[in-house]
Structures are given as C-alpha cells and as structure tokens.
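**Student:** give the three-dimensional model of this entry:
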Amino acid sequence: MIESFNKKELEEKIDQYINGQLSAQEVDELWAELIQDGYHLDYLKSVANLKAVIEQKREEQKSANKKRYWYYAAAAVIALLIAVVGVMNISTQQQTSVEPISSIELDYYRSGDGTVSADPDMKVIQDAIKLANTGRENEAISLLQSELENATEPAWIAELSLNLGSLHYNNGNYSIAIKHYERVVSYQDNENVDVLMLEKAYWYIGNAYFHLDQLVDAKTNIEKAYELNGAYRRVAQSYLNALSE
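**Tutor:** Okay, here's the model as predicted:
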C-alpha cells in the first residue's frame, strides 16, 4: 500500500476515483487516506455532487425521456461516502442546475498521525464541534462567540470566525455565515493567516451567496478561491464553468 499521498496526488486520485479510473487496490489505498482526512472528504463531496449535476444537464439536453444511467452511478458514489464516513449529506435529488454545497464538515484538527490534535489552543474549537455534533449548535456558537470576543491574535480570530461561519452555514443562517467568513478574508494581508484558511473562506462565502440566489456575488467569491491556486482550484473552476453557461 502507498504510505501517503501528497496533496496534488490525493486530488488527482479523487478525480480518477469519481471517473471510475482506479483499480480496486487503488480505491482501498485512497480510502485509507480519506478516512483520516476530513478536508479532502469535503473536496470529494463537492466533486461528486458537481459531476452528477453536470452529467444530468447534458442528458437533459439530449433527450428528456432518455434514462439517466449517470444518476444511479452518482447515487452509488454518494451511498459509499455515507456508509464509510457517516457524515456525507450529498443530495440525490434530481437537479437542473449547479447547486451549492449543502453542509460543511467541521474539522477536528487532526495531527499527522491521524489522531485529534492535542493543541490546547484548539480545545475550545474541538469542544464546540462536539456540541454541534450532538445537536447543541446554539451552545457551540455561544462558546466560540465568547472566545472570539476575547481574542486578539489575527490568526486565532480568523480560526474562530471560520468555524463560527461554518456553524451558521450548517444551520442555514447564510447571511450571518458570510459576515464571519468575511472577517477571515479581512486578514488576508496578515502573514499568520494561511492561504488555505483564506481559500476556504472565499469558497464558503461563494456557496453561501449561492444559497441566497445572489449568483454574481457567489461567482465573484468562488473566483477568488480559484485565484488562490490551492486545494479548491479544480472544483472552483468547474463551478465557474457551470455558472458561466
């Protein structure tokens, strides 16, 4: 078994997996990585959802009555995600246009060996995620909001804001989520706020605007995520292409 994929190799493997180009052994190796990598599971969810949407659009253009075999293939991918991870919420409803991501997976901040990070600075976020995952979202939000009010370091403020945005996003409070994500990108010139955090914030802002049917703002922010040339570049490009049709 391959011991570890780097980021580029992992994203290429995900694309090949979605397109049915991996052998059984390669699929096993990929899942061994993904089970411990919540960030790329979110990437896989977005790619799988987009592939189903675009394929449906093509089929509808050919014939409204043609049986949509692609739909069942996409459903099989989604079923596998749910069975292995238990946290995937990809919609299997028929769609006629590109859809924003339905929910954001909350990150437990795993260390390099796959265990949850023991960093004491992250404990408040871990506690908030535990609350949210047990249906106590309001308590989770209050916990992070209280921490944010006392925070002074830009990187920590951005970290808290990113997670607060995701909690509100998952509750359907997209306008509030956008405000928290915009606080993250307001620190884009600070050297302690990493590019990946900025990329996530722009990507989530774009999807939040998408939910609000503000497609111009959605596209603008997804473009900013694309321009950062990171892990979301490929899926952002696919969404931009679909939104431009």
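**Student:** can you list the domain ranges for this structure.
**Tutor:** 7-85, 120-244 (automatic domain parsing).
**Student:** pick the most buried one from these.
**Tutor:** domain 120-244 (a mean of 18; mean count of other C-beta atoms under 10 Å). Where you see a C-beta, it was placed from the backbone N, CA and C, and this is true even at glycine.
**Student:** could you dump the domains of the chain into CSV and include distance to residue 106 and mean pLDDT?
**Tutor:** What follows is the domains of the chain, written out as CSV (distance: least, C-beta to C-beta, whole Å; pLDDT from 0 to 100):
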stretch, distance to residue 106, mean pLDDT
domain 7-85, 8, 61
domain 120-244, 5, 93
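**Student:** which one, of those domains, ends up nearest to residue 103?
**Tutor:** Nearest of the domains of the chain to residue 103, taken as C-beta to C-beta: domain 120-244 at 4.9 Å.
**Student:** can you tell me the element residue 140 falls in?
**Tutor:** Per DSSP states H and E: residue 140 is located in helix 137-150.
**Student:** kindly format the C-alpha coordinates of that helix as CSV.
**Tutor:** Provided in CSV are the C-alpha atoms of helix 137-150 (Å, rounded to 0.1, in the frame of the first residue of the first chain):
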residue,chain,number,x,y,z
GLU,A,137,-25.5,24.1,17.9
ASN,A,138,-26.5,27.2,19.8
GLU,A,139,-24.2,26.2,22.7
ALA,A,140,-21.4,25.7,20.2
ILE,A,141,-21.9,29.1,18.7
SER,A,142,-22.1,30.8,22.1
LEU,A,143,-18.8,29.1,23.1
LEU,A,144,-16.9,30.3,20.0
GLN,A,145,-18.5,33.7,20.1
SER,A,146,-17.4,34.2,23.7
GLU,A,147,-13.9,33.1,22.8
LEU,A,148,-13.9,35.5,19.8
GLU,A,149,-14.8,38.5,21.9
ASN,A,150,-11.6,37.9,24.0
